[in-house]
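Q: Task: produce atomic coordinates for the following.
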Amino acid sequence: MTTTHTMCVAAGLLLACVNAQAQPSPQPAAVLDSYIAAVHAGDMAAVRALIAPEVERSDFPGCTPSMDNPTCLAHYIDATVVRPQARLSVLSTEVDGDRVSALLEVRSELYHRAGVERIVGRDVLRVTDGRIQSFRFVPDFSDAPTAVFFGTLGIGPRASQAPAK
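A: Next up is the predicted model:
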């Protein structure tokens, strides 16, 4: 093997290594978009693939102590938006470093049964290496239908009031 040939092979290997390492992780907004697409498709396997093994614990009351954190978050997402076939409409998005906050309007039969057309709130995600490290939904209780819906669950300012019909 000639010196030139050896240098070309070495340069090629170096370039291949750099390209392999240069694949950027999806940005937080792209992870949010993937999450919403998976929810709309009813694809819990895709949702689970977005959840980091070390994700923060969800405070969803439906989680049991035996559930690990990723299973708890997946259960929350499945119960609240996937199984009810919710439609999430992004009204605005803000990205700050590894965090994305999306103002959403969410519609599903779950809300209709409670007497409201839709709820409004923020999905707030922290993303590292293309995976969700923390996830929470923050209801907008200043929005009357949202306050009514969560009130039927015993949550928020209308928790003690009967739902308006």
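Q: T128 against P53, yeah?
A: No - contact status for T128 versus P53: not in contact, 11.3 Å apart, counting by C-beta atoms under 8 Å. For the C-beta atoms, the positions are set from N, CA and C on the backbone; glycine is no exception.
Q: For the two, indicate the residue with more neighbours.
A: T128 (14 against 9; other C-beta atoms under 10 Å).
Q: Give me the buried positions along stretch 148-160.
A: By neighbour count on 16 or more other C-beta atoms under 10 Å, the buried set for stretch 148-160 is 148-152, 156, 158.
Q: That one - what's its average pLDDT?
A: Here the mean pLDDT over stretch 148-160 is 84, rounded to a whole number.
Q: Check the offset of that stretch from the chain's centre.
A: Distance, stretch centre to chain centre, for stretch 148-160: 23 Å (C-alpha atoms, centre = their mean, to the nearest Å).
Q: could we number from 16 for the rest of this?
A: Sure, I'll start counting at 16 from here, so that last one is stretch 163-175.
Q: Any idea how far apart the tips of stretch 104-121 sit?
A: In stretch 104-121, first residue to last residue: 6 Å (C-alpha to C-alpha, to the nearest Å).
Q: Could you pull up the mean pLDDT of it?
A: Mean predicted lDDT for stretch 104-121 stands at 97.
Q: Then stretch 77-85?
A: Averaged over stretch 77-85, pLDDT sits at 96.
Q: all helices of this protein, in order?
A: Along the chain, the stretches classed as helices by DSSP state H are 18-36, 43-56, 59-65, 84-92, 124-128, 159-167.
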